[in-house]
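Participant: Need a 3D model of the sequence below.
(2 chains)
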Number of protein chains: 2
Amino acid sequence: DAKTPDAWVQRHPSLIRLTGKHPFNVEAPPAEIYDYGFISPVNLHIVRNHGAVPKLDWDTHRIEISGNVPNPYSIGMDELTQMPSDCFPCLVVCAGNRRKEQNMIKKSIGFNWGPAAVGNTYWKGVPLRIILNRAGIYKPGPGRRFVCLAGPEGELPKSYDGQDGGPGSYGTSIDMETALDPTCDVIVAYEQNGDRLHPDHGYPCRVLIPGYIGGRMIKFLCKIIVTDEESKNFYHFNDNRVLPVGVDAEKATAEGWWFKPEYIINNLNINGAIIHPQHEETLHAPMKKYTIKGYAYSGGGRKVIRAEVSFDQGQSWKLANINVREKPRWAAGSSGDKAKHWCWCHWEIEVDADEIRGANEICFRAFD
Amino acid sequence: DAKTPDAWVQRHPSLIRLTGKHPFNVEAPPAEIYDYGFISPVNLHIVRNHGAVPKLDWDTHRIEISGNVPNPYSIGMDELTQMPSDCFPCLVVCAGNRRKEQNMIKKSIGFNWGPAAVGNTYWKGVPLRIILNRAGIYKPGPGRRFVCLAGPEGELPKSYDGQDGGPGSYGTSIDMETALDPTCDVIVAYEQNGDRLHPDHGYPCRVLIPGYIGGRMIKFLCKIIVTDEESKNFYHFNDNRVLPVGVDAEKATAEGWWFKPEYIINNLNINGAIIHPQHEETLHAPMKKYTIKGYAYSGGGRKVIRAEVSFDQGQSWKLANINVREKPRWAAGSSGDKAKHWCWCHWEIEVDADEIRGANEICFRAFD
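Facilitator: Predicted coordinates for the structure are as follows:
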């Protein structure tokens, strides 16, 4: 990164760059991050940057809480870390995880993420509801339906006019009920795996919205604005949408499809991948048994309950063993629908090596 | 029904019987119930009975609230109707809706429901959380993780031993968090579309669990039991499960698959159907335009956001117009993920009649 504005940021050499040198958009080699197990190392965690990493200072950074609130205030980092906090593991996934395969079927406007646009780490931070409570907000209502979140002005190379950050900031919004619901676990995070955040992951603080796509988890958080309308930020509307087949970017812009609320992506869908065998892996002749391994996750707190592989294009399926390592959040006294899962699970199945040798392809599917 | 134990129950003549004369398991002709629109008539609403309809008396019927509660009590119907109540429209769907088509691909152990194993009506009743509060239960905890629900003893022809109803009752359980969560809208219902319940729909009272499969919504409710373990009722375990491919009923019984919590069905999946054109409908020659119509729903409060049809086996899709008639529940101040939808939506799309004439089949899909 020597000749980029990110020259000062330390990065892991094995990360795979997906958009050239700059901005920095990377994932780890799938087997490398997978083989660390349930908790991922921070330096192999997906990074999705829209511009240069802002150089922010812990001592001077402030978050402003404003908009339609009785008690607007701003808060510095030292004070933030004195507030009640929570710490738990949570998967962060780019909405475009595995988009490379999608793009092979039909080109989308997003770039080619492989299957490692993920990271499962511990996050520590202050619940957003506590920050809102201090501003006098205890429940949603007219004029208080959304919480807009924005990074620093000037983060992005061009102007993205909007109510919630002004020119050149990256922003989005979430609805007030989600922001206030303790079982949604939305936090303003200042630690990842026990350390202060890495610049690529939002130093000094970012929003974490468990179960949501990464694109809504604003990094370098500067502004929290209570409003009656969704964020007007360019990226809130023009990115992270799934539009019907036949509506391409041009048509979407001409006909206003970006602004239709139905097509927003918030909670993740179920997804997963086979990690072992890797692409072009060779099975050595004497091998009798092989353990196929992969991961799966879902959104909205839903638990992955089943993972299966097929060697015959889906004619028959073999049930893999799922290893759900996390204790579900909000499961107190319950084993039911309110128990929430924010992490990936790893699955594996041992098969005869000959079954793999005889198969044209291995298919995988999961259920939540 | 002259020679069955149900001879005394009045029923609509056009209902389609799916399991012979008795017990009574029926759905309406799809177009007939559909064409009534958003709210279905009670007498065309799906009925799923496991035995004869119990003859219960409003004046003497009582619900017992017991198990691990500080204040066990029982309550009669007149007293129940004096408690705080709620009234809202909610879709009730058999988990097996459209199973006929599934059975054509691979036979399941369920019988052949068509696409009208549904009904969308107003339900009025007392929130289960208020009933539990009166017994001294305000939150889940050790010993209080589940609420078992059971109908009358002797409802079913043979013995189904279990903790929550004894011999011959139909029972299930839900987790305490769902039971206590106001946004889950679980009620003990005593009115449907403004009348007392019809005997086929649970007179004098039944449980309504919005977004869940119908099989958990116990009719003729007699017992509410707070426990630390799931219901041990035969039907709670041996029905309403989706097991992996390759696990048939015999294997499931031999290997204990019925008791694995992962495979329970509670919240509905997304589903829907094309209602117009009907099977074997003839398009008359001069017709230029045709409006294809159908419905879609999801579970867990999720909103259906997209419905599409294809005339070329899914190569291309046309976007239909969705008519979401309900005001979402729990949407106060929010247009986001906390807004809950308990009803079906109807969708339609006008196409050139020639497109239908040229198509081998019409496919439909929906998204939530």
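Participant: Grab the nearest non-local neighbour of residue A:49.
Facilitator: Of all residues not flanking residue A:49 in the chain, residue A:23 sits nearest, at 4.1 Å (C-beta to C-beta, 6 or more residues apart in numbering or on different chains). Heads up, the C-betas are built off the backbone N, CA and C, glycines and all.
Participant: Verify the assumption that that neighbour is located in a strand.
Facilitator: No - looking at residue A:23 with DSSP: H, G, I helix; E, B strand; the rest coil, it is coil, so not inside a strand.
Participant: burial measure for it, as a count.
Facilitator: Counted with other C-beta atoms under 10 Å in any protein chain shown, the neighbours of residue A:23 add up to 18.
Participant: One more: residue A:168?
Facilitator: By the measure other C-beta under 10 Å, the count of residues near residue A:168 is 18.
Participant: Report pLDDT for it.
Facilitator: For residue A:168, the pLDDT comes out at 78.
Participant: So it sits against residue A:155, correct?
Facilitator: Yes - using C-beta atoms under 8 Å, residue A:168 is in contact with residue A:155, at 6.1 Å.
Participant: about what we covered before: ok, the residue nearest to residue A:49 touching residue A:51?
Facilitator: Yes - with contact defined as C-beta under 8 Å, residue A:23 reaches residue A:51; the gap is 5.5 Å.
Participant: how about the CA coordinates for stretch A:75-84, as CSV?
Facilitator: Provided in CSV are the C-alpha atoms of stretch A:75-84 (Å, rounded to 0.1, in the frame of the first residue of the first chain):
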residue,chain,number,x,y,z
ILE,A,75,-19.3,11.7,23.6
GLY,A,76,-15.6,11.0,23.5
MET,A,77,-14.0,7.6,23.4
ASP,A,78,-12.8,7.5,27.0
GLU,A,79,-16.3,8.4,28.2
LEU,A,80,-17.9,5.8,25.9
THR,A,81,-15.8,3.0,27.4
GLN,A,82,-17.1,4.0,30.9
MET,A,83,-20.7,3.3,29.8
PRO,A,84,-22.3,-0.1,30.4
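Participant: pLDDT (mean, whole number) over it?
Facilitator: Per-region confidence: stretch A:75-84 scores 97 on mean pLDDT.
Participant: Stretch A:230-247 too?
Facilitator: 85.
Participant: Give me the distance from that stretch to the chain's centre.
Facilitator: Relative to its chain's centre, stretch A:230-247 lies at 17 Å (C-alpha atoms, centre = their mean, to the nearest Å).
Participant: Also stretch A:76-94?
Facilitator: Computed by C-alpha atoms, centre = their mean, the chain-centroid distance of stretch A:76-94 equals 15 Å.
Participant: ranges for the strands of the stretch 151-300 of chain A?
Facilitator: In the stretch 151-300 of chain A, the segments counted as strands under DSSP state E, counting those that start in this stretch are A:171-175, A:187-192, A:195-196, A:206-208, A:223-227, A:271-276, A:289-297.
Participant: quick one: strands adjacent to the first one?
Facilitator: Applying DSSP bridges to the sheet, strand A:171-175 is found paired with strand A:146-150 (antiparallel).
Participant: Ok, the fifth one next?
Facilitator: Neighbouring strands of strand A:223-227 in its sheet, by DSSP bridges, are strand A:62-67 (parallel), strand A:146-150 (antiparallel).
Participant: Same question for the shortest one.
Facilitator: Strands flanking strand A:195-196 in the sheet, each with its direction: strand A:187-192 (antiparallel) (DSSP bridges).
Participant: Please identify the buried residues of the strand it pairs with?
Facilitator: A:187, A:188, A:189, A:190, A:191, A:192 (16 or more other C-beta atoms under 10 Å in any protein chain shown).
Participant: swap in stretch A:278-294?
Facilitator: For stretch A:278-294, the neighbour count (16+ other C-beta under 10 Å) marks A:290, A:292, A:293, A:294 as buried.
Participant: Quickly list what the first one is bridged to.
Facilitator: The partner list for residue A:290 in beta bridges (DSSP bridges) reads residue A:351.
Participant: Can you check the pLDDT for it?
Facilitator: On the pLDDT scale, residue A:290 is placed at 93.
Participant: do residue A:163 as well
Facilitator: Listed pLDDT for residue A:163 reads 52.
Participant: Same question for residue A:333.
Facilitator: Residue A:333 carries a pLDDT value of 56.
Participant: repeat for residue A:135
Facilitator: Taking residue A:135 on its own, its pLDDT is 98.
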